[in-house]
Structure formats: C-alpha cells, structure tokens
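K.L.:
here is a sequence together with a model predicted from it:
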Amino acid sequence: MTSGRTPRATLAAALAFAASILALPALAADLDFDLSNSAAHLDYRFSITDTGLDADLGLLHHDDDGDVLHAGIILVGDAAQGAEPFTAGLGARAIVVDANVIDGTGIAIGGFFRYVMPDFNRFAIGGYAYLAPSVTSFGDLDRYMEFGVRGEYRVLDKASVYLGLRDVSADFAGFGDATVDDGLHVGISLEF
C-alpha cells in the first residue's frame, strides 16, 4: 500500500514545510544535540508567538537503522499554574521516516513535560511521546511511535547537559516493525 510518492519527493515536501516554519519570526529558542554510539539527534525549538506557540524541527540519524526528520507546532505553558516549575507542551509533528529500504510519512500527535526540582533548581527531569497511528501514516508507514525520558543538570544559566533514554519505532505495511533508535544518549541543551 504505497502512496506513489518517491522518497525524494517526500523529503522535498518535508524540507519545504521545515523552510516555511523557519521563515516565521522567532522570539526565543532552544537547541538540543545528543549522541550515542550509533545515533545523532538535533532538535531546534523556537517561539513563534508570545502566547506559548512554538515550532520545532529535528533530525535523528542512526548509522544502521535510518533517519527521522520532523517539523511541528506545539503549545507550551506552565502546567501547574505557577505553583511548581512544571512546563508541558502539546502539539503535532509532520514526520518523514527513512528506514533504509522502506520509508513513509505521517502526522504524529504528542507532547512533552519538564519538571525543575524547586530545592535543587540545577536538576530537572523531562520526557516526551509522539504517536502516528495508521490513519495519519502514509506511504509504507503504518504506525510510528517515539518516546523518551531524560535527566538534566544546568551547567550555565542557559546551558544544560543531560542523560536520556529514547525509543523510536515504526511499523511498515508488509515489512513489519523497525526500530530506528533505542537506548541511552548524552546531550547538551542551549537556550538563546
């Protein structure tokens, strides 16, 4: 059950979408970069309104298992109405999955949370999850799921290091499940 789109056309459409998001005015931004033995991940999130609407772009590259490109919109806010330093976001991402011999696109919904420990504000924990069920998956992609957790330590006022655990998997029609990435990674997070 393929859509007839070539991987090059799918990638071109995703890059055009990403370019349109980058053209939006940015108010504040975060850049995350993390590595494991076989994967590299880059994520750039930036505010496009002063009411909490952010855009994000990302690329996950795995030496053996393929690539995932995403571009999305997410609404971010204080999840505890000021009582605790608890931030959360909900939104959607357009994704392109290239698992070497098979590929597909989809629209994933999900979000994230981040909790800064009040008495030890250099430490934070966070997590995220995104899911594209079969109804929003196209091409050979039948389902996509990504989730992760991490612990952070703030080194500078606007820079943190973190240790995380991530699992990115896809189900392809006629090909079965493929794991694009899973396991531990270390990274840095910069705010500007």
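P.N.:
Sure thing, it's come through.
K.L.:
what bridges to the residue nearest to residue 28 when sequence neighbours are not counted?
P.N.:
Setting aside the residues directly before and after it, residue 28 is nearest to residue 47 in space (Cβ to Cβ, 6 or more residues apart in numbering), at 4.7 Å. C-beta here means a position set from N, CA and C on the backbone, and glycine is covered the same way. Beta bridges link residue 47 to residue 54, judged by DSSP bridges.
K.L.:
which helix or strand in this protein has the lowest average pLDDT?
P.N.:
helix 7-22 (a mean of 55; mean pLDDT, DSSP states H and E).
K.L.:
now do the buried residues in the helix or strand just after that helix.
P.N.:
Note on helix 7-22: by DSSP states H and E, the next helix or strand toward the C-terminus is strand 29-35. Neighbour-count burial for strand 29-35, with 16 or more other Cβ atoms under 10 Å as criterion, is recorded at 30, 32, 34.
K.L.:
show me the residue sitting in the middle of the chain in space.
P.N.:
In the chain, the residue lying closest to the centroid (Cα atoms, centre = their mean) is residue 58, at 5.9 Å.
K.L.:
quick one on the thing from earlier: show me which of the buried residues of strand 29-35 is closest to residue 121.
P.N.:
residue 30 (17.3 Å; Cβ to Cβ).
K.L.:
surely the closest one touches residue 191?
P.N.:
Yes - between residue 30 and residue 191 there is a contact at 5.4 Å, judged by Cβ atoms under 8 Å.
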